[in-house]
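Colleague: Here is my input, please return the structure:
(3 chains)
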Amino acid sequence: MNSIVRFSDIFCKLVSTHLLIARQHIMDQIINLYIWTCCTLVIMGYIMQSFGLVSTYGCFQFASIVGAVGLFEVYNAAARNLMDIDSDRTISYYLILPARSVVVLLSMACSYAIVGLLLTVLVIPLGKLIFYNQLSLAQISWFKFLTVAVLANIFFGIFVVAVTAHVGTIARMRNIWSRFIWPLWFLGCYQFSWEAIHQSLGSLSYIFLINPVLFVMEGMRGSLLGSQEFLPWEICCVAICFYIVICWQYAHYKMKRLLDFV
Amino acid sequence: MNNKILLKIKNVKKKYATQEALKGVSLDIYKGEILGLLGVNGAGKTTLSSIIATLHPPTEGDIEFEGKSIYDDVATYRFSIGFCPQKPNLNPMLTLEQNLRLSGSYYQMTKEQIDARLAQLVEQFGLQKYLSQKAQVLSGGYKQRFMIARALMHNPQLVILDEPTVGLDPHIRRQLWQQIRDLKQLGVTVILTTHYLDEAEQLSDRVCVLDGGLIKLIDTPDKLKADFKMKNLEDVFIALMSEGSASSDSGNSADNS
Amino acid sequence: MKTGIFRFTDIFCKLVATNFYIAWQEFTNNLINFYIWAFCSLVVMGYIMQEFGLASDYGCFQLATVMGTIGLFQVYGNSFRCIVDFEGERHISYSLTLPVSPSVVFWSMITSYSLMGIILSVLMLPFGKLLLFNSFSFATVSWLKFIIIIALANIFYGVFTIAITAHVGAMSKMENVWSRFIFPMWFMGGFQFSWASIYKLSEPLAYVLLCNPIMFIMEGTRAAVLGPENCLPWGICCIAIAGFTIVGWLYAKYKMRRLLDFV
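Modeller: Take a look at the predicted model:
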């Protein structure tokens, strides 16, 4: 069988395997996601208004949560990978299959992306339920939303591999979350727009454009809320693609150093 | 033993940041033989078997399979080998049957081939009882059997077993020995890494003793016993290691597993 | 050889010292992590969210709750480490064979967790002042009330750590405990809002939230740091936290006995 066809076949089978495993805890993930989403949206959409927060902030937060789902899964997925690398090393089996190692890593990233995409889409009905009158599904540009969601989750899928490779062992995971992933998320316009930070910090706001999560958030908000207040959707997509490429290069390089595969 | 060379290892070296695990190993492995790889901790046995299994690349050197370098087309070479690492790495989230079936599918076997091969291996290794269970429930002996079964799923020509009987009860070890002998009957070439000299003596057509990342000697157990005038391989090994420590000042490189 | 209560006290102090010494090795890491978290939270809530209408003094509000939360974040990390030990090498088995009652062993763990939590919580105050500078005044801080509430809160968190460890029992269930239990307790426990604000929105919900011990910790910390206006009475918060600590301890002890089957 031609190599590319064979590699594709093995790639698809590996993705199926990863999804088969992921299916075993997908319900848990959905429940956890819904609980987190519910708490956040109720507080930001109904309670914080007594502290002066604008009445439409709930929808804003909803759009950010939709963008952040994949990022939250990064931590759990990377932690699982690291525990495997530190113990059974099931990944070693995949690395000696008759395919290039790149196929194995891409299959992992792809499966994370698919799970992330599924969870991302599932948040929308919950948001509508919580913000029944405030959130209009009519204002959602579904094409733009799906494009950003797919790109964002591909990025997060590769990010899982990059984080796994960078951290290397479960003992160092906590610091990575606290010092890297969490600030990336929280300062990546999770609770504010780039426009808001531009108003507050002026030229300093351009530093925030280094953060890939910012483009995910802005792109998601632009497609879900249909507003002109956010960074242009096209720019967000291009930026996310750029970060996908950078992240993949780094992930592959670090994984090779960590696992020393052929 | 067949005289046809299946695998030719040519001056393979492996350097890590702080040590040199293999310093230039050259070795021919014949079709259908069981080759025992022996050595103390840190001699380089697991490193060599991992390199043969293409889990890790060598720093220098080459490996030829049936006359062609494996690094010209690693993926194709992998169809011909099965690797059973020291520590079981079956996927704990899948049932054992799923582990085996998926293994067959990765190696491009059709569903019919997988069904037939699965039935054959289940009978050969006595695995029926645990097929629908996940790996966590198995004892060490059964895990090893499943690991070997998975390594054989795609009918490889060469199987690499890295310390397959470590930590197992004596009667389980004997059962696995018989299964390894059965592989030879089927024409499978086996590279067996082991600490147990009785195991190497019982099973191996030839033994290769590694020390400090180099081959110290390689020959049949009987010839070694005759040359060293010892009753068993363990005494030969001890004598060899004593010679080594008497003549050498430096310690062994650590085995990187 | 010391007898009875003197021996227990002596061993208790040594166990606390040992546990604290081990925890101290991670102190700098923990402090950096918390400072980063606090920095992000306070900058966003204190300076950026005002663009969305949030009150200009919200940063101070958030600082108080950040200090009350430190110990809760330690709960997850500490119970994670405990469970890893229970499933792995079981160092606790050695402590449980020492010539003291198991309660002394668990209280030594609780005490060391509490001490670390108190230190980290207190160190957040100067950091918050640095970030919020003119917005936040030390003059509003009632130091006695602050120390007492922080101590009570972190003792509760220490007990909570043992209770969570005993309740969860296995690594595979840990993620769900954080997502379904600790996180809602924290986020719905007045981390970003006061009890008064929720009372205005929904009285029944406000009374339901009084079942959440975190609410009393947040309210009590705010009362001590920002003054008593719009907060639950500080004294009631202290009594409630003490009550929850006792209940938590009874539960923890019961579940630990079932989990570890000690004498």
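
Colleague: List the residues that contact the residue in the stretch 51-200 of chain C that chain A sits nearest to.
Modeller: Ranked by CB to the nearest CB, the top residue of the stretch 51-200 of chain C for proximity to chain A is residue C:179, at 3.5 Å. For glycine as for every other residue, the C-beta is placed from the backbone atoms N, C-alpha and C. By CB atoms under 8 Å, 6 or more residues apart in numbering or on different chains, the residues touching residue C:179 are A:31, A:32, A:35, A:36.

Colleague: Number of residues surrounding the closest residue in space to the first one that isn't next to it in sequence?
Modeller: Of all residues beyond its chain neighbours, the one nearest residue A:31 is residue C:180 (6.9 Å), with distances taken as CB to CB, 6 or more residues apart in numbering or on different chains. By other CB atoms under 10 Å in any protein chain shown, the residues close to residue C:180 number 16.

Colleague: which among the contacts of residue C:179 gets closest to chain C?
Modeller: When the contacts of residue C:179 are compared for distance to chain C (CB to the nearest CB), residue A:32 comes out closest, at 3.5 Å.

Colleague: helix or strand for the closest one, which one?
Modeller: Counting by DSSP states H and E, the element that carries residue A:32 is helix A:26-42.

Colleague: re earlier: tell me how far the residue nearest to residue A:31 lies from residue A:34.
Modeller: From residue C:180 across to residue A:34, the span is 10 Å (CB to CB, to the nearest Å).

Colleague: Hmm, residue C:223 is touching residue C:236, no?
Modeller: No. Proximity of residue C:223 to residue C:236 does not meet the contact threshold set by CB atoms under 8 Å, at 9.7 Å.

Colleague: Neighbour count: those two, which is higher?
Modeller: Here residue C:223 and residue C:236 are set side by side on neighbour count (other CB under 10 Å), and the busier one is residue C:223, at 25 against 14.

Colleague: Look up how far residue B:14 lies from residue C:119.
Modeller: Looking at residue C:119 against residue B:14, where the rule is CB to CB, the gap reads 48 Å.

Colleague: between the two, which one's more packed in?
Modeller: Taking other CB under 10 Å, residue C:119 and residue B:14 do not tie; residue B:14 has more neighbours (26 against 18).

Colleague: Residue B:124 in helix, strand or coil?
Modeller: Using DSSP: H, G, I helix; E, B strand; the rest coil as the criterion, the local structure at residue B:124 reads helix.

Colleague: Run a quick neighbour tally on it.
Modeller: As a burial measure, residue B:124 scores 16 neighbours (other CB under 10 Å).

Colleague: What residue spans form the domains of chain B?
Modeller: Here the domain assignment for chain B is B:1-80+B:160-257, B:88-155, based on automatic domain parsing.

Colleague: Now distance to residue C:77 and mean pLDDT too, for the ones you listed, in a markdown table please.
Modeller: Formatted as a markdown table, the domains of chain B follow (distance: least, CB to CB, whole Å; pLDDT from 0 to 100):
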| stretch | distance to residue C:77 | mean pLDDT |
| --- | --- | --- |
| domain B:1-80+B:160-257 | 31 | 88 |
| domain B:88-155 | 25 | 90 |
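
Colleague: Please produce TSV containing these, extended by distance to residue A:14.
Modeller: As requested, those are arranged in TSV below (distance: least, CB to CB, whole Å):
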stretch	distance to residue A:14
domain B:1-80+B:160-257	14
domain B:88-155	7
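
Colleague: Show me the one of the ones you listed that comes nearest chain C.
Modeller: Distances from chain C to each of the domains of chain B were compared using CB to the nearest CB; the minimum, 10.5 Å, belongs to domain B:88-155.

Colleague: So for the helix holding residue A:32, mean pLDDT?
Modeller: The predicted model gives helix A:26-42 an average pLDDT of 95.

Colleague: Buried subset of the contacts of residue C:179 as a ChimeraX selection?
Modeller: Per 16 or more other CB atoms under 10 Å in any protein chain shown, the buried members of the contacts of residue C:179 correspond to this ChimeraX selection:
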select /A:32,35,36
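
Colleague: where's the residue of the stretch 51-200 of chain C closest to chain A relative to residue A:36, distance?
Modeller: 6 Å.

Colleague: what pLDDT does residue A:5 get?
Modeller: According to the per-residue confidence, residue A:5 scores 89 in pLDDT.

Colleague: And for the one 4 residues further on?
Modeller: The confidence metric pLDDT takes the value 93 at residue A:9.

Colleague: Next: residue B:87.
Modeller: Here the pLDDT value assigned to residue B:87 is 85.

Colleague: try residue C:170
Modeller: Residue C:170 is assigned 83 on the pLDDT scale.

Colleague: which regions of the chain sit below the pLDDT cut-off?
Modeller: As the question left the chain open, I've gone with chain A. Counting by pLDDT under 70, chain A contains low-confidence ranges at A:1.

Colleague: that's the other chain; I wanted chain C
Modeller: Within chain C, the segments meeting pLDDT under 70 span C:1-3, C:263.

Colleague: What parts of the stretch 151-262 of chain A come near chain C?
Modeller: Along the stretch 151-262 of chain A, the residues adjacent to chain C under the rule CB under 8 Å from any CB of the partner chain are A:174-175, A:178-179, A:182-183, A:186-187, A:191-192, A:196-197, A:199-200.

Colleague: So which of these belong to helices?
Modeller: Among these, DSSP state H puts A:174, A:175, A:182, A:183, A:196, A:197, A:199, A:200 in helices.

Colleague: which non-adjacent residue is nearest the third one?
Modeller: Ranked by CB to CB, 6+ apart and with sequence neighbours excluded, the top spatial neighbour of residue A:182 is residue C:37, at 6.6 Å.

Colleague: For the helix or strand hosting the one you found, which helices and strands make contact with it?
Modeller: Using DSSP H and E, residue C:37 falls within helix C:27-43. Using 3 or more CB pairs under 8 Å, 6 or more residues apart in numbering or on different chains; DSSP states H and E as the contact criterion, the elements in contact with helix C:27-43 are helix A:173-176, helix A:182-185, helix C:58-87, helix C:102-132.
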